[in-house]
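Asker: Here is a sequence together with a model predicted from it:
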Amino acid sequence: MGEGEDDAGELLREERQEDKRVGFPELFFDLIFVFSLIQLSHFIVTDFTPLGLLQGGMIALALWWLWNHTAWVMNWLDPEHGAVRAMLFGLMFFGLLLSAAIPHAFDEAGLMFAGAYIAMQLGRSLFAIYAFKEVNPAVRRNFGRVSVWFALSGCLWLAGALSEEETRVILWLLALGVDYAAPELRFYVPGFGYSRTRDWDISGEHMAERCALFVLICLGESVLAIGRTFAEEEIGVLLMASFCGAFAATVLMWWIYFHFGQARASHEIETTDEPGEVALHVFTYGHMPVVAGIILTAVAAEHLLSHAPEAGDAQRSAVILGGPLLFLLGNLWVKRMTTGRLPASHVAGIGLSILLFSLAPFVSTHVTGLAAVALLLVVAVWEYRKLARRGIEPQAIDGQSSE
């Protein structure tokens with residue numbers, strides 16, 4: 001018994017802050033999501049319909065929840081321990097199955113997609129219960145509640161996989177609703193109570209770095225999609241303009257996210273008295289629209305590069321302008337939570353994107369795409385100049401200069 005308890009305790013990171021850095025096994029695990037995002041991008045572009053966009057959004061939410069919950073668990077687990085590495089490799093295996101199933105998740109591959117998702121979410125949470133055995137009872141009970149909620153949503157995922165497409169969409173939407181509501185409900189389980197965010201003693205530096213790396217993965221997938229699609233098309237003036245615009249949009253999103261907000265988020269969570277509460281809203285929910293916006297922008301770029309000039313319509317406009325809109329909404333929320341301010345540049349950018357949406361049906365999709373790039377450029381320059389006037393250096397994290 002004692003030996004088993006020691007083995008479980010060894011699975012956790014040391015308390016020293018330098019041991020909270022992201023380990024190479026975690027980076028290796030992230031590679032699965034490169035493939036997942038490529039599959040997701042192809043899925044949406046191939047079925048560019050309202051139903052296809054809805055289904056693609058559902059897959060994106062599932063991918064984010066898988067990755068984000070793994071990042072939370074790895075905040076405590078030691079990636080250099082053999083058992084933890086084995087757990088990550090197991091997650092990678094099921095992640096590969098899930099990614100392979102994405103193109104046909106709503107038809108013949110539904111059971112493989114749902115089964116892999118359930119195995120990853122439940123398997124990781126059960127492993128965490130063992131890791132905290134006789135080490136941190138509060139966190140161990142938390143993962144017990146998490147497992148109950150994943151088992152509940154797993155029933156809906158499984159029922160959906162065994163149903164027809166229309167019913168599958170409804171059941172999987174309910175499953176996602178259960179998954180995303182659980183943290184806000186503090187994983188309440190009758191008879192076992194609530195989880196308390198003050199028990200989620202995490203490293204802000206580790207969580208901020210993990211989320212930043214995932215944002216880089218999404219931006220990297222965008223670059224791959226742009227380059228791949230451009231290489232397959234016949235070069236012309238319009239194609240070159242769309243290519244330059246798509247690349248500029250990717251660079252501008254990198255600038256808006258990394259120039260100031262990412263480092264400030266890390267600093268805020270390290271200095272707050274409630275790191276779990278801040279991390280929940282900044283990294284779990286706040287980064288969700290950031291990631292979704294990047295993915296949608298990549299889909300829009302791939303669509304624009306592969307299609308001749310077309311008249312605008314609400315559907316295409318929603319994708320082209322929806323990416324920057326979601327991205328700015330996410331950054332607005334993250335920066336509001338970490339600085340106490342609402343960046344005027346982001347508010348203006350969101351308003352401008354809504355205005356452009358009303359005008360988009362009267363111009364071609366390529367003009368709308370270039371307008372979306374101009375929108376991001378305005379936000380980036382505005383924020384940069386405002387921060388420069390206030391004497392805030394790039395990536396400033398000292399609480400005084402941010403105010």
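Answerer: The structure has been received and is ready for your questions. Just so it is clear, the structure is predicted and the values come from calculations on it, not from any experiment.

Asker: isn't Gly90 right next to Leu126, touching?
Answerer: No: using CB atoms under 8 Å, Gly90 makes no contact with Leu126, being 11.5 Å away. C-beta: built from backbone N, CA, C; applies to glycine.

Asker: For the stretch 251-400 of the chain, just list every one of the strands.
Answerer: In order along the chain, the stretch 251-400 of the chain carries no strands (DSSP state E, counting those that start in this stretch).

Asker: Extract the residue ranges of it that are flagged as low pLDDT.
Answerer: The model of the stretch 251-400 of the chain has pLDDT under 70 over residues 260-276, 308-312, 390-400.

Asker: For it, which segments count as helices?
Answerer: Along the stretch 251-400 of the chain, the stretches classed as helices by DSSP state H, counting those that start in this stretch are 262-271, 275-279, 287-306, 314-339, 344-359, 365-389.

Asker: Equivalent analysis for the stretch 101-250 of the chain, please.
Answerer: Counting by DSSP H, counting those that start in this stretch, one finds helices in the stretch 101-250 of the chain at the ranges 110-131, 137-161, 165-184, 204-232, 237-256.

Asker: Can you give me the buried ones in the longest one?
Answerer: Of the residues in helix 204-232, those scored as buried under the neighbour-count criterion (16 or more other CB atoms under 10 Å) are 204-212, 214-215, 217-219, 221-226, 229-230.

Asker: Which strands or helices does it pack on?
Answerer: Under the contact definition 3 or more CB pairs under 8 Å, 6 or more residues apart in numbering; DSSP states H and E, helix 204-232 sits against helix 24-46, helix 50-74, helix 237-256, helix 262-271, helix 275-279, helix 287-306.

Asker: what about Val319, how many residues close to it?
Answerer: Residues lying near Val319 (other CB atoms under 10 Å) number 22.

Asker: which residues touch it?
Answerer: Residues in contact with Val319 (CB atoms under 8 Å, 6 or more residues apart in numbering) are Phe48, Leu53, Leu296, Val299, Ala300, His303.

Asker: and the gap between Phe48 and Val282?
Answerer: Noted for Phe48: a distance of 33 Å to Val282, by CB to CB, to the nearest Å.

Asker: Over to Phe243?
Answerer: Using CB to CB, Phe243 is found at 34 Å from Val282.

Asker: More neighbours: those two, which one.
Answerer: Val282 (26 against 19).

Asker: Wait, the more buried one touches Lys335, no?
Answerer: No: Val282 is beyond contact range of Lys335, at 9.6 Å (criterion: CB under 8 Å).

Asker: returning to what we had before: name the nearest of the contacts of Val319 relative to Ile102.
Answerer: Using CB to CB, the shortest approach to Ile102 within the contacts of Val319 belongs to Val299, at 13.6 Å.

Asker: residue contacts, that closest one?
Answerer: Taking CB under 8 Å, 6+ apart as the test, what Val299 contacts is Ser41, Ile44, Val45, Gly56, Ala225, Val319, Gly323.

Asker: Of the contacts of Val319, just the buried ones, ChimeraX syntax please.
Answerer: Remark: buried members of these, expressed as a ChimeraX selection using 16+ other CB under 10 Å:
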select :53,296,299,300,303
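
Asker: Save the contacts of Val319 as a markdown table, and put in distance to Pro343 too.
Answerer: What follows is those, written out as a markdown table (distance: CB to CB, whole Å):
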| residue | distance to Pro343 |
| --- | --- |
| Phe48 | 32 |
| Leu53 | 28 |
| Leu296 | 21 |
| Val299 | 26 |
| Ala300 | 23 |
| His303 | 29 |
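
Asker: Tell me the one among the contacts of Val319 nearest to Arg141.
Answerer: Closest approach to Arg141 among the contacts of Val319 (CB to CB): Leu296, at 37.9 Å.

Asker: now the closest one: how far from Leu377?
Answerer: Leu296 is 18 Å from Leu377, by CB to CB.

Asker: repeat for Cys244
Answerer: Computed with CB to CB, the distance linking Cys244 and Leu377 is 12 Å.

Asker: which of those two has more neighbours?
Answerer: More neighbours surround Leu377 than the other of Cys244 and Leu377, with 16 against 12 (other CB under 10 Å).

Asker: Name the nearest residue to the more buried one, ignoring sequence neighbours.
Answerer: Leaving out its chain neighbours, the residue that sits closest to Leu377 by CB to CB, 6 or more residues apart in numbering is Leu252, at 5.9 Å.

Asker: Could you do Ala109 as well?
Answerer: What sits nearest to Ala109 in space, not counting adjacent residues and going by CB to CB, 6+ apart, is Ala101, at 3.9 Å.
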